[in-house]
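Student: Just to be clear, the model below is a prediction. Sequence and coordinates:
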Amino acid sequence: MADNMITLTIDGHEVQVEPGSTIMQAAKKLEVEIPHFCYHPRLSVAGNCRMCLVEVEGAPKPVASCAFPVSEGMNVKTQSQLAEQAHKNVMEMLLINHPLDCPICDQGGECDLQDIAVGYGSDRSRYGSCSKRSVEDKDIGPLVKTVMTRCIHCTRCVRFATEVAGVEEFGATFRGQDMKIGTYVEKALDSELSGNMIDLCPVGALTNKPFAFSARPWEMKTVNLIDVMDGMGTNIYADVRDEEVMRMRPRTNEEINEEWMTDTARFAVDGLTKNRLTAPLVREGKNLRQVSWQKAFDTLTEHLKGKRRDGIFALASSTLSAEDYYSFNMFMKESVGTDNVDARTDGSPIRGDVRASYVMNSGIAAVDNADAVLLVGCDLRRESPLLNARVRKNVLAKNIKVASIGALTNTTYDVKDLGRSPMDILDLIEDEKLFKKTFPKTKNLMVIMGAEATTRTDALKIMGAVRKLCQKYEMIRPDWNGYNLLSLKAGQVAALDFSVYPVAAGVEAKDVSKSVSEGLVKTLFIYGDVEIPAQELQDAEYIVYMGTHHSAYADIADVVLPTAAYTEKEALWVNTEGRVQAARKAVNPPMQAKEDWKIFRALSECLGKKLPFDTLSQLRLLIAKVNDAYLPENWGSFVVPAWDKFGLTTKPNKAEFEFSVPEYYLSNGYLRQSKVMQDCAAKAQDTNNKKVS
Amino acid sequence: MTLQHTPLSYEDRIFKNLDGSGDWSIKGYQERGGYDGLKKILTTDTVEIIDTLKQSALRGRGGAGFPTGLKWSFMPKPTKERPTYLVCNADEGEPGTCKDRDILRNDPHTLVEGMIVGCYTLGAKTGYIYIRGEYYDEANRLQAAIDEAYEAGLLGKDILGTGVCVDLHIHLGAGAYICGEETALLESLEGKKGQPRLKPPFPAGFGLYGMPTTINNVETLAQVPPILKKGVKWWTQFGNPNNHGTKIFSISGSVNKPINIEAPMSITLKELIEHYAGGVIGGWDNLQAVIPGGSSTPMLSAENCQDAVMDFDSLMQYKTGLGTAAIVVMNKDVDLLRVMKRISGFYKHESCGQCSPCREGMGWIYQLMNDIYHGKADISDIDKLEDLTHRIDGHTICAFATGAIWPVQGTIRHFRHLMEQKVQPKKTASKAKTKKSA
């Protein structure tokens, strides 16, 4: 606690706060509630709703507590006659032009305006026969529904768009009574974070478009989940009614997502109930026929009997949980007995020998302490919109320097372009002057490697070069580790932790397509939607598909086993920092679908090589032995991995980096199944075409 | 009539070419004594200048009447990282006010000289003049004057060999009343939507581009050099204590000779109207009401006008203010409620829309004023209207709302009977109607 704390009194209670705090912050500390609409702790202070007016002794007028700085000995009254009258007055003004259409408003039940009107407003209107304002709705894309007549002009959405999301085309036009909020030119909002405006909107002006009119907040129960659409491990809530996940909302975690979430995480829920695999299927002629689990297992056991193990291949998707990878890897390598197993279907050659080489060693929250950021082959805005927002926050607040070696993208802030190819990393290592010039007085530099770099064949060389860079400029210290590899996929770190790749002489994922065309692949296990297109795999002799949706891979399979989606299992998820987070089960897997580990455990028994666990806790005990981060006491926390040598020291290729996320809205199996995401992708495509023409 | 005040002599007038009869250019201005003694001012210690201004009790001419010397004393010394700015508020938007316009087109060099002295005193290398967009011709005239001053070595680098550097830039507004509010003006000048900023921080600490800034009205700035040249004693001979000096009064409405006239402060309203503006049309007894300081100041009733003294402090006893000293005279032929309804409409239109009470409240007030005017309201609506004004007052970021509800309060205070007359007949009529139908 600083020595120069300021003491003030709020409603007769004394509180000490730091100088420069506002009355609102002091009140929060005391847990005194002051009603407000426009104030939001993560946005700049607008002070325009005037709902938070309080009485300050000695001040002639009530003051806005969200903006008014505290001073020593200040005496604040939030419930005096003056303050209460002010609340009542402002509330009356806010309601006169509000349609009061709560019965048909999706915000009903979780509406600040409703709550505060009940708490602080009058019980009747004096507006009488005067006519209410009506405002035309805006089309700002397929995600956010607008009913602008309900808008109370708090400008939270405008401030979010300009400050956090970095899309400055959202704002207020006209003035006075005619003030309108929206995009200046009617168009879809070009942001990966637009859904957060729904949470920010204190009324029903901006609501969840796909969720419209489908459930009331009090009908749903809330389950804590971890998002799997990118590598961040965003903490989310799933709101569930009966056996259906109705919507996703962000859950505050200061160290990861603050209180934001991406649009992919929020709006892909519709895919979870459509086109699902609900029972095991076995191919009979041209058609897949529904069978019992026993029948499916028998068919598979029969097929595998006496097969050469080097003809069996297995690919796993990159959106799976720790338990999934662990049990799958063990099943394939021990029960089936093949080493041709790989989860790196994006073609990455990274191996899991040194954990520090494939995680974010600084941690996500360390962006707030960094003086500068160097992106290496990283389209940060598409690979991790939330990390991008965090960098942007620090660029705006502290003017930190950001430079990039890689394909040029729109990051929403200024980035110094240091070149396009991995050779430019070597230049930066050689040229100390260039480094000093680009990052003057930099103590804490964060180097963030992205998927443009890690999916290349020379990724290990790039990693070696970046390690050298960090070490040369003393960015690896006990108090700071600036080497970061950002994982694009939710399962990337876990798969590497458990060595879900060939450890002996097995065939790597990048060569599987070739093996298929050469006829070497007799049996192919496909686990989830992999990065290799189904067309390249369909010529394998016998295909077993384990997955959630009836995707293109199910169509080419001979046996299909239905697994559980990320909302349907108790699971541990490992984010890009290597942080292990436990998610609860929101709903049961549909119909006959089963949790993944149970399938592998049961199947292993049929094959005569039973996996050594019978329950989830037994499985988790095994997993905990792999790495300290998986110990239950470390769940949720960031465990800094030990630093060691890794990477190759030879020169990487001269080839320029290429964009890693060509289709952001369709970048994994769950997203491709969502109608909403398909609409977003079409819209984005449309905008791009327009830009080109 | 016998005058209670001595009219200003030609020598004592600051705006000698206010009526536009002379030469507006630098030649004419210099012939009238302009720019004489500027070099001496630019070599005077700035602390001394501010002290002189404090002693002169010069108060801002833009409406609020804040002591100029005090305002200037808030400014920190400029540093390399934090330069200071002087901004001239020429966004004259208050209905009834037209004094700055005449300064800009007939005596622009008074402002240029004032800006030079102001910039020097505040250590500002750059001064901005924010002119309302409608004053296009006036802005051109001022630009011509600025060009002349540059040519004469009165602007730019090393002015008159004193080492003082001042650059002046003109910025035209886009037609929003609220941009006359000093912080909204800064926002607009920065290229943003003109909306008042939260205070604190005040512009002297965090103004234009986040740098210390002082904003003054055209007339205020133009009055600074004469005060410094002729001395405090000369200035304080005019007007009551704390309200010293001369002032331009813009007299319009039901008078025989609408005029912009520079007169000593604390002159009586009656003398202004009768002596300078040719009297009320139809005679003094035909007077109904007077708005003393632009549309946002509450009206004076005809009785008040009899002995009202025009200065900041004296008008407070009538619960009104000097404002911009734009006197709008209304005789008995004027449909007073229609005027006030229109003024309410103006404020509804000009609210920036930021604060809830003002954004929503101004519309409601206008609707009620409209309903009352058209007799569509109930008698209780008058009380509701008055109650409403108190609910808006003091709940907003800037003083716009206060300025917008004052005229309504003034109307109810003095002319409630007119409002009641408007709503009464309808009541009886509707009663008659119900009887008939029964």
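Tutor: Noted; the coordinates are in hand.
Student: what helix or strand does A:His40 sit in?
Tutor: Of the helices and strands defined by DSSP states H and E, none includes A:His40.
Student: List the single closest residue to it in space, sequence neighbours excluded.
Tutor: Spatially, and ignoring its direct neighbours in sequence, A:His40 is nearest to A:Arg156 (5.6 Å; C-beta to C-beta, 6 or more residues apart in numbering or on different chains). In this view, the C-beta of every residue, glycine as well, is placed from N, C-alpha and C.
Student: Also A:Pro422?
Tutor: Distances taken as C-beta to C-beta, 6+ apart place A:Pro652 nearest to A:Pro422, at 3.8 Å, with adjacent residues excluded.
Student: On the three-state scheme, the closest residue to chain A within the stretch 51-200 of chain B is what?
Tutor: Here the stretch 51-200 of chain B gets closest to chain A at one residue, B:Leu198, 4.5 Å apart by C-beta to the nearest C-beta. Three-state assignment for B:Leu198 (DSSP: H, G, I helix; E, B strand; the rest coil): coil.
Student: Distance-wise, check it relative to B:Cys355.
Tutor: According to C-beta to C-beta, to the nearest Å, B:Leu198 stands 10 Å off from B:Cys355.
Student: so what sits against both of the two?
Tutor: Common neighbours of B:Leu198 and B:Cys355, counting by C-beta atoms under 8 Å, 6 or more residues apart in numbering or on different chains, are B:Ile397.
Student: These two - which one has more neighbours?
Tutor: Shown here are B:Leu198 and B:Cys355; by other C-beta atoms under 10 Å in any protein chain shown, B:Cys355 has more neighbours (29 against 17).
Student: Could you double-check that the more buried one lies in contact with B:Gly394?
Tutor: No: counting by C-beta atoms under 8 Å, B:Cys355 stays clear of B:Gly394, with 11.1 Å between them.
Student: Can you give me the pLDDT of B:Met1?
Tutor: Here the pLDDT value assigned to B:Met1 is 67.
Student: tell me the contacts of residue 39?
Tutor: Answering for chain A, as no chain was given. Each residue near A:Tyr39 by C-beta under 8 Å, 6+ apart is listed here: A:Met24, A:Val45, A:Ala46, A:Gly47, A:Cys49, A:Cys52, A:Cys66.
Student: look at chain B instead
Tutor: B:Leu160, B:Gly161, B:Thr162.
Student: what does A:Asp686 give?
Tutor: Taking C-beta under 8 Å, 6+ apart, one finds nothing in contact with A:Asp686.
Student: Buried residues in stretch B:59-73, which are they?
Tutor: Buried positions in stretch B:59-73, judged by neighbour count with 16 or more other C-beta atoms under 10 Å in any protein chain shown: B:Arg59, B:Gly60, B:Arg61, B:Gly62, B:Gly63, B:Ala64, B:Gly65, B:Pro67, B:Thr68, B:Gly69, B:Lys71, B:Trp72.
Student: likewise stretch A:622-639?
Tutor: The neighbour-count check on stretch A:622-639 (16+ other C-beta under 10 Å) flags A:Leu622, A:Ile623, A:Ala624, A:Asn627, A:Ala629, A:Tyr630, A:Phe638, A:Val639 as buried.
Student: Same question for stretch A:663-681.
Tutor: Within stretch A:663-681, the residues that qualify as buried are A:664-674, A:676-681, counting by 16+ other C-beta under 10 Å.
Student: what residues does that stretch touch?
Tutor: By C-beta under 8 Å, 6+ apart, stretch A:663-681 touches A:141-143, A:192, A:210, A:228-229, A:263-264, A:267-272, A:274-275, A:317-319, A:382, A:488-489, A:528-529, A:547-549, A:551, A:565-566, A:661, A:684.
Student: Same question for stretch A:155-167.
Tutor: A:37-38, A:40, A:42-44, A:46, A:48, A:168-172, A:181, A:189-194, A:196-197, A:200-202, A:206, A:260, A:389, A:392-393, A:396, A:411-413.
Student: List only buried entries from these.
Tutor: Using 16+ other C-beta under 10 Å, the buried ones in these are A:37-38, A:40, A:43, A:46, A:48, A:170-172, A:181, A:189-194, A:196-197, A:200-202, A:206, A:260, A:389, A:392-393, A:396, A:411-413.
Student: Any stretches of the chain with poor pLDDT?
Tutor: Defaulting to chain A. Applying pLDDT under 70 to chain A flags residues A:1-2, A:691-693.
Student: Correction: the question concerned chain B.
Tutor: B:1, B:425-438.
Student: Around chain A, pick out the residues from it.
Tutor: Within reach of chain A by C-beta under 8 Å from any C-beta of the partner chain, chain B has these residues: B:176, B:178, B:193, B:198, B:200, B:348-364, B:367-368, B:371, B:384, B:391-392, B:394-397.
Student: Hmm, A:Gly47 and B:Ile397 touching each other?
Tutor: Yes: between B:Ile397 and A:Gly47 there is a contact at 6.2 Å, judged by C-beta under 8 Å.
Student: Identify the contacts common to these two.
Tutor: Contacts common to B:Ile397 and A:Gly47, judged by C-beta under 8 Å, 6+ apart, are A:Ala64, B:Leu198.
Student: which of the residues in stretch B:204-213 are buried?
Tutor: Buried, per 16+ other C-beta under 10 Å, within stretch B:204-213: B:Ala204, B:Gly205, B:Phe206, B:Gly207, B:Leu208, B:Met211, B:Pro212, B:Thr213.
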